[in-house]
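Peer 1: with the input below, show me the fold.
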Amino acid sequence: MKLHIEGNINTYYVQTLCMIFFPGERFSADGEEDEHELHLTVTEDEAGITACVHIRVDGKEARAEKTLAYREDLTVDRLRKIVIGRVVLSAAGELVHYRPSWGMLTGVRPSKVATELLLSGLSKTKVRRALTADYMVIPKKAALATDVALFEQQLIGDPDPRDCSVYISIPFCPTRCSYCSFVSYTSKRLLSLIPDYLELLKKEVAEKFRVIRELGLRVKTVYIGGGTPTILEAGQLAELLEVVQRGTDVSALEEFTLESGRPDTIDAEKMRIAKQYGVTRVCVNPQTLCEEVLCGVGRGHSVKDFYRAYDIARTSGIKCINTDLIVGLPGDTFGTFSATFDEIIRLDPENITVHTFCVKRAAEILRQDHRVYNLRGGDAGKCVDYSQIRSMEAGYRPYYMYRQKNMVGNYENVGFAKDGTEGLYNIYMMEEVHSIFAAGAGAVTKLVDYAAPLTGKKSVIRRLFNAKYPYEYLASDGGVEQSDQIAAFYRERDL
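Peer 2: Sure thing, here's the model as predicted:
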């Protein structure tokens, strides 16, 4: 699509609005011809902000124009985004005969706007109304965003500037699922890097903990993710967990997660070691319990493997188990998904995370079939609704939520938990309330000087990037050079 924009407009915001209606759309560079075009003009005067849009797609055209007066409760930038969203949603919706359930909310955190409104003093009911009236969110999604925002604020409380979390990256998997776009390595040659990778990773983890201690910070959560961390052999896993144990008081952590993920990598010895070294939360992720769908997406394990792994995790004594499911996988239907969800409810894990299938450009499945982009999502909407209704009936509460571009049906990812078992790292990371010290290939350390939304200030965030790929990481010093930059960040802000 070719964008022609005039006025004070964030181009990326317009692109994300377009991708709601035209998933997978690519945007042409200047000088390129494109049969899909969007012309957008924004003007501002004493009366307010006016946006005019003209969209042409596949020989069809639609126009919309809207003026909104200035309001005391909205910044000019927020009002500008709202009026642009109104006209793009109106014109694009007319072209494709579609109303997105999340309206113009396109960011990763749909509860962010709800949080700001709550902190401004609005009641829960008024926040829901504002999301529906201003942002064109349908009522049930406005209610979900408000509920999640309220719960997140309860869990976050009053952040302490000395708090932090640690993320450790294991970017290797036994096989690659066809929908995956993460930096994870599966070939025998690349898996052979694991021993050397682990040695450098242990050095970086130890260094990150040294800096944390030197700065007088308190580690609240540790999260070992991937990839598939349990691809490590039992002895290798013990080596890594021992470094963590030496680096911090594991017994004082609010949460220690090992994202096991793939059931075919879980065995009793690894879970015994995890429990021994203080892990309190593991992820055993089937994605679906339909054998045909598993095979179709190249998941590389069977339903039987999941049951075996889940039983091992449950009998290990680790107190919290998370299971991930994906709505909208190719070949899945409401019947197969609802049967999967009912069975997961029967198993009674502490956490259930329901993702909506998201098509990433680097995923193998896109090269196999470009039709996986799906505007309306088929049965996905019914599946999302079913998961939310059934989970709450079974005593789970939605505690965090995020969204991505090109999600089937433009739905959302939601984490559900029984009271007291919420995945806290997910909230701390998503809401950027304290620093995340990250180690390993592709890991990003995020240094945060948090400012509450109503202070009139913005949180200061600085990101330090490790080498993306394992072989690049091995050619580097593993992020050890970041220590001085981290210390400087805290010194400059007297944190």
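
Peer 1: contacts only, for Gly335.
Peer 2: By C-beta atoms under 8 Å, 6 or more residues apart in numbering, the contact set of Gly335 is empty. For glycine as for every other residue, the C-beta is placed from the backbone atoms N, C-alpha and C.

Peer 1: and it, what's its pLDDT?
Peer 2: With respect to pLDDT, Gly335 has a value of 97.

Peer 1: do the same with Lys405
Peer 2: In this prediction Lys405 is given a pLDDT of 77.

Peer 1: for Leu198, same thing?
Peer 2: Reported pLDDT for Leu198: 96.

Peer 1: ok, now Cys295?
Peer 2: Looking at Cys295, its pLDDT is 84.

Peer 1: doesn't it lie inside a strand?
Peer 2: No: read with DSSP: H, G, I helix; E, B strand; the rest coil, Cys295 is helix and lies in no strand.

Peer 1: if I look at it, how far off is Glu492?
Peer 2: Cys295 sits 54 Å away from Glu492, going by C-beta to C-beta, to the nearest Å.

Peer 1: ditto for Ile5
Peer 2: 37 Å.

Peer 1: between the two, who's got more neighbours?
Peer 2: Ile5 (16 against 11; other C-beta atoms under 10 Å).

Peer 1: surely the more buried one meets Leu40?
Peer 2: Yes: Ile5 is in contact with Leu40 according to C-beta atoms under 8 Å; the separation is 5.1 Å.

Peer 1: element containing the closest residue to Ser111 other than its chain neighbours?
Peer 2: Distance criterion C-beta to C-beta, 6 or more residues apart in numbering; nearest residue to Ser111, sequence neighbours excluded, is Ala149 at 4.1 Å. Ala149 belongs to helix 139-156 when assigned by DSSP states H and E.

Peer 1: run the chain-centre distance for that helix.
Peer 2: For helix 139-156, the separation from the chain centroid amounts to 16 Å (computed by C-alpha atoms, centre = their mean, to the nearest Å).

Peer 1: the nearest residue to Tyr135 once chain neighbours are set aside: how many residues sit nearby?
Peer 2: Spatial nearest neighbour of Tyr135, excluding adjacent residues (C-beta to C-beta, 6+ apart): Gly103 at 4.7 Å. If you count neighbours by other C-beta under 10 Å, Gly103 ends up with 23.

Peer 1: can you tell me the SS state at Gly103?
Peer 2: Going by three-state DSSP: Gly103 is coil.

Peer 1: might you list the low-confidence residue ranges for the stretch 251-400 of the chain?
Peer 2: 359-374 (pLDDT under 70).

Peer 1: contacting residues for the residue most central in space within the chain?
Peer 2: Relative to the mean C-alpha position of the chain, the nearest C-alpha, by C-alpha atoms, centre = their mean, is the one of Tyr402, at 5.2 Å. Contact analysis of Tyr402 by C-beta under 8 Å, 6+ apart lists 108-110, 412-413, 430.

Peer 1: swap in Glu44?
Peer 2: 7-8, 50, 76, 80.

Peer 1: recalculate using a threshold of 10 Å.
Peer 2: Residues near Glu44 by C-beta atoms under 10 Å, 6 or more residues apart in numbering: 7-8, 50-51, 70, 76, 79-80, 83.

Peer 1: kindly report the same for His36.
Peer 2: Taking C-beta under 10 Å, 6+ apart, one finds 1-3, 18, 22, 25-28, 55-58 in contact with His36.

Peer 1: so how far is Cys383 from it?
Peer 2: Counting by C-beta to C-beta - His36 and Cys383 are separated by 30 Å.

Peer 1: same question, Val113
Peer 2: Applying C-beta to C-beta to Val113 and Cys383 gives a distance of 25 Å.

Peer 1: the more surrounded of these two?
Peer 2: Legend: neighbour count by other C-beta under 10 Å for Val113 and Cys383, higher for Cys383 (30 against 22).

Peer 1: give me the element the more buried one is part of.
Peer 2: Assigned by DSSP H and E, Cys383 falls in helix 380-393.

Peer 1: so where's the stretch 1-150 of the chain shaky on pLDDT?
Peer 2: Using pLDDT under 70, the stretch 1-150 of the chain drops low at 31.

Peer 1: now the helices for it?
Peer 2: For the stretch 1-150 of the chain, the helices defined by DSSP state H, counting those that start in this stretch occupy 11-21, 76-96, 111-119, 124-135, 139-156.

Peer 1: distance to Leu329 added to those helices, as TSV?
Peer 2: TSV is the format used below for the helices of the stretch 1-150 of the chain (distance: least, C-beta to C-beta, whole Å):
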stretch	distance to Leu329
helix 11-21	21
helix 76-96	23
helix 111-119	25
helix 124-135	29
helix 139-156	22
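
Peer 1: quick one: closest of those to Ile170.
Peer 2: Taking C-beta to C-beta, helix 139-156 is the member of the helices of the stretch 1-150 of the chain nearest to Ile170, at 26.6 Å.

Peer 1: from the contact counts, what lies against the following helix or strand past that closest one?
Peer 2: Of the helices and strands lying after helix 139-156 in sequence (DSSP H and E), the nearest is strand 163-170. Using 3 or more C-beta pairs under 10 Å, 6 or more residues apart in numbering; DSSP states H and E, the elements in contact with strand 163-170 are helix 194-214, strand 218-226, helix 234-247, strand 255-261, helix 424-431, strand 435-439, strand 444-449, helix 470-475.

Peer 1: okay, now the sheet partners of the second one, with direction.
Peer 2: Paired neighbours of strand 218-226 in the sheet (DSSP bridges): strand 163-170 (parallel), strand 255-261 (parallel).

Peer 1: mind listing what the closest residue to Tyr197 other than its chain neighbours touches?
Peer 2: Counting by C-beta to C-beta, 6+ apart, Tyr197 lies nearest to Pro470, which is 5.3 Å off, once chain neighbours are set aside. Neighbour list for Pro470: 169-172, 183-185, 190-191, 193-194, 196-197, 200-201, 227, 440-442 [criterion: C-beta under 10 Å, 6+ apart].

Peer 1: now Pro470: how far from Arg189?
Peer 2: 11 Å.

Peer 1: follow-up on the earlier one: give me the number of residues near the residue nearest to Ser111?
Peer 2: 25.

Peer 1: that one contacts Leu122, correct?
Peer 2: No: contact between Ala149 and Leu122 fails when scored by C-beta atoms under 10 Å: they sit 11.1 Å apart.

Peer 1: what touches both of the two?
Peer 2: With C-beta under 10 Å, 6+ apart as the test, Ala149 and Leu122 both reach 114, 116.

Peer 1: adding mean neighbour count and distance to Cys283, write the strands paired with strand 218-226 out as JSON lines.
Peer 2: Conversion of the strands paired with strand 218-226 to JSON lines gives the following (neighbours: other C-beta atoms under 10 Å; distance: least, C-beta to C-beta, whole Å):
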{"stretch": "strand 163-170", "mean neighbour count": "24", "distance to Cys283": "13"}
{"stretch": "strand 255-261", "mean neighbour count": "25", "distance to Cys283": "5"}
